[in-house]
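Chemist: Requesting a structural model of the entry that follows:
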Amino acid sequence: PAPEAAATLAAVMTLVANTDALIIDLRNNGGGRADMVAQIMSYFLPEQTHLATMRRRNPNENAQIWSAAAVRGPRYLNKPVYVLTGMRTFSAAEGLTYDLRHHAGAKVIGERTRGGANPGSFQQLDEHFAAFVPTGEIVNQKTGKNWEGTGIEPDVASTAALALKIAHQDALTMLIEQKPDDPRAVMWRQALDELKASSN
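Modeler: Here you go, the predicted model:
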């Protein structure tokens with residue numbers, strides 16, 4: 001739950017605050033909680049933002065999902081963000097991927113995700129059979145849709161195994177192009193050359 005994880009999240013975001021780019025690895029993340037997705041998203045948005053709406057069968061039970069108005073420590077803004085995905089990326093991990101792409105401009109690299117967006121529960125039909133019945137539908141505020149049944153198509157398709165190297169190369173290339181005179185550009189070029197050499 002977000003209240004229990006808030007201190008850990010704040011520590012992590014403080015640790016990465018001064019990086020030049022960020023790669024978030026969700027390749028083997030099978031999901032979690034929607035409130036934690038909103039809490040993480042709060043660090044990547046400059047202000048409180050309506051992320052999505054949870055639509056229920058009873059409209060009176062609909063609920064809006066917002067990022068937080070304030071966060072502990074610094075936000076991570078105006079820097080390249082990458083999300084790595086795999087065939088095991090599911091549910092809330094897909095929600096974070098989808099929100100980071102559409103609300104924070106993150107680039108998704110890897111494999112198409114599994115496609116579980118809508119909440120529900122198993123209903124026992126008899127002694128031997130049960131059915132999973134959706135109880136709601138998540139609707140992204142930016143797109144008016146979600147990823148149920150289709151998964152999230154990456155911006156750059158690759159195997160899950162290669163996704164990290166591709167994201168790292170892309171980040172370094174972008175930094176070199178955008179800040180060629182930065183004192184760290186020599187270090188970025190060296191790191192990029194080493195990555196390319198290791199791919200041969």
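
Chemist: What pairs with the longest strand seen in the chain, parallel or antiparallel?
Modeler: The single longest strand within the chain, with elements called by DSSP state E, is strand 50-56. Strands adjacent to strand 50-56 in the sheet, as given by DSSP bridges, are strand 63-66 (antiparallel), strand 136-140 (antiparallel).

Chemist: Check the average confidence over the longest one, would you?
Modeler: Taken as a whole, strand 136-140 has a mean pLDDT of 95.

Chemist: what about the helices in the protein?
Modeler: Using DSSP state H, the helices of the chain run over 2-15, 34-41, 92-104, 160-178, 185-199.

Chemist: Need the winner for burial among the ones you listed.
Modeler: Stretch with highest mean neighbour count among these: helix 92-104 (a mean of 23; mean count of other CB atoms under 10 Å). (Glycine included, C-beta is placed from N, CA and C.)

Chemist: which residues are in contact with it?
Modeler: With contacts defined as CB atoms under 8 Å, 6 or more residues apart in numbering, helix 92-104 is touched by 24, 26, 29-34, 36-37, 40-41, 44-45, 49, 51-52, 81, 83, 85, 89, 106-108, 113-117, 138, 140-143, 146-147, 151-152, 155.

Chemist: quick one, what contacts the residue in the chain sticking out farthest from the centre?
Modeler: The centre of the chain is farthest from one residue, residue 127, which by CA atoms, centre = their mean lies 38.9 Å away. Taking CB under 8 Å, 6+ apart as the definition of contact, residue 127 has no neighbours.

Chemist: With residue 166 instead?
Modeler: 109, 156, 158.

Chemist: Deepest in the core, which of the strands paired with strand 50-56 is it.
Modeler: Comparing these on average neighbours per residue, with mean count of other CB under 10 Å, the densest one is strand 136-140 at a mean of 19.

Chemist: Could you tell me the angle between it and helix 92-104?
Modeler: With axes from the mean of the first three to the mean of the last three CA atoms, to 10 degrees applied, the angle from strand 136-140 to helix 92-104 works out at 30 degrees.

Chemist: got the contact list for strand 136-140?
Modeler: So strand 136-140 is contacted by 34, 51-57, 65, 95, 98-99, 102, 117-120, 145-146, 148 (CB under 8 Å, 6+ apart).

Chemist: if we can go back for a sec, would JSON lines of the strands paired with strand 50-56 with distance to residue 17 be doable?
Modeler: What follows is these, written out as JSON lines (distance: least, CB to CB, whole Å):
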{"stretch": "strand 63-66", "distance to residue 17": "23"}
{"stretch": "strand 136-140", "distance to residue 17": "27"}
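
Chemist: Residue 162 is nearest to which of the ones you listed?
Modeler: strand 136-140 (28.0 Å; CB to CB).
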